[in-house]
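# for reference, the sequence and a predicted model appear below.
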Amino acid sequence: MQLTKHHGLGNDFLVALEEVNGPLDVDADRARALCDRRRGVGADGLIVGRRPRPDDGEGIAVVMELWNADGSRAEMSGNGIRCLGHAMAMARDEHEVHYLVATEGGPRHLVVHDDAEHRVATVSVSMGSVGAGPEVPASVAERLGERRHGTADLGNPHLVVLVDDLASVELTGEGSWFEQRFPAGVNVEYITVEPGTDTIELLVWERGAGATAACGTGATAAAHLAHRWGLVGAQVQVSMPGGTADVVLGGDEPLLIGPSQHVATLELADG
């Protein structure tokens, strides 16, 4: 199997394309093994780009299947889909291109602007309509107390919590606890908003991956809710430990704009 490794603001993914490898047999065990940072290649997730079938819809360039590092499946990743778009552009030697990608969260439009050597791409993703998120369990609401919070659905579930100071957040302890209290799990974003700006600072605990450097769907969910709360405008910068992504609101679908960095191309040995 040939893989390319990419990261979107430090959120790293392994990408395997069927158009490069032929049919791929990937399951949860294989994903866990590949994503293991000591015994495998290491990543926050594994993405398989499947060849589209006629029933996937008209104009689909690739079907995204995503496994988290723990082997669980995820419906959508804003950083991961940018990495997939970058891998597609590399495989096809394309530099300015549109792709329609089928995901378990619905179709997503990508615009990829890749550099001459395919090292860094800027990718815009239409993130689909933001749906109502899961109901907050009573135990979670009790622990949140007076902290403002809300949920949103970007094809995957999010809990966004507004705090005064990110340094006070117990990301691993509380984020993991919240994730486990939702029946289908949840991605947890803690945010602060700088008054008078359209800038959000964000820490994330990702379902199935833990604390990560960035989360594209999380950035979109946070921008959407902060805008709905009247804290930011329609063009939002979301600053995360791995870097900054831009979210543009106000249309039918939020637009997420950010980079993908090619890290390596790897050939896996059999077994």
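Happy to help now that I have it.
# what's the single longest strand in the chain?
Ranked by residue count under DSSP state E, the longest strand found in the chain is strand 255-267.
# helices and strands around that one, which ones?
strand 2-8, helix 78-92, strand 120-126, helix 216-228, strand 243-248 (3 or more CB pairs under 8 Å, 6 or more residues apart in numbering; DSSP states H and E). (C-beta placed from N, C-alpha, C; glycine too.)
# could I get the buried residue list for the second one?
Judged by neighbour count using 16 or more other CB atoms under 10 Å, the buried positions of helix 78-92 are 78-91.
# same question, the fourth one
Of the residues in helix 216-228, those with enough neighbours to count as buried (16+ other CB under 10 Å) are G216, T217, G218, A219, T220, A221, A222, A223, H224, L225, A226, H227.
# just the third one next, same as before
With burial defined by 16+ other CB under 10 Å, the residues of strand 120-126 counted as buried are A121, V123, S124, V125, S126.
# next one: stretch 33-51 to chain centre, how far?
15 Å (CA atoms, centre = their mean, to the nearest Å).
# got a list of what A69 touches?
A31, R32, C35, D36, A43, D44, G45, G208, A209, G210 (CB atoms under 8 Å, 6 or more residues apart in numbering).
# my guess is the first one contacts E65. True?
No - with contact taken as CB atoms under 8 Å, A31 and E65 are classed as non-touching, separated by 9.7 Å.
# out of those two, which sits in the busier spot?
A31 (26 against 21; other CB atoms under 10 Å).
# picking up where we left off before, which of the contacts of A69 fall in strands?
G45, G210.
# quick one: buried ones out of the contacts of A69?
Buried, going by 16+ other CB under 10 Å: A31, R32, C35, A43, D44, G45, G208, A209, G210, out of the contacts of A69.
# now the buried residues of helix 78-92 in a markdown table, with distance to L110 and pLDDT?
Output for the buried residues of helix 78-92, formatted as a markdown table (distance: CB to CB, whole Å; pLDDT from 0 to 100):
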| residue | distance to L110 | pLDDT |
| --- | --- | --- |
| G78 | 11 | 96 |
| N79 | 12 | 97 |
| G80 | 12 | 97 |
| I81 | 7 | 98 |
| R82 | 7 | 98 |
| C83 | 11 | 98 |
| L84 | 8 | 98 |
| G85 | 4 | 98 |
| H86 | 9 | 98 |
| A87 | 11 | 98 |
| M88 | 8 | 98 |
| A89 | 9 | 98 |
| M90 | 14 | 97 |
| A91 | 14 | 97 |
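# perfect, that will be all.
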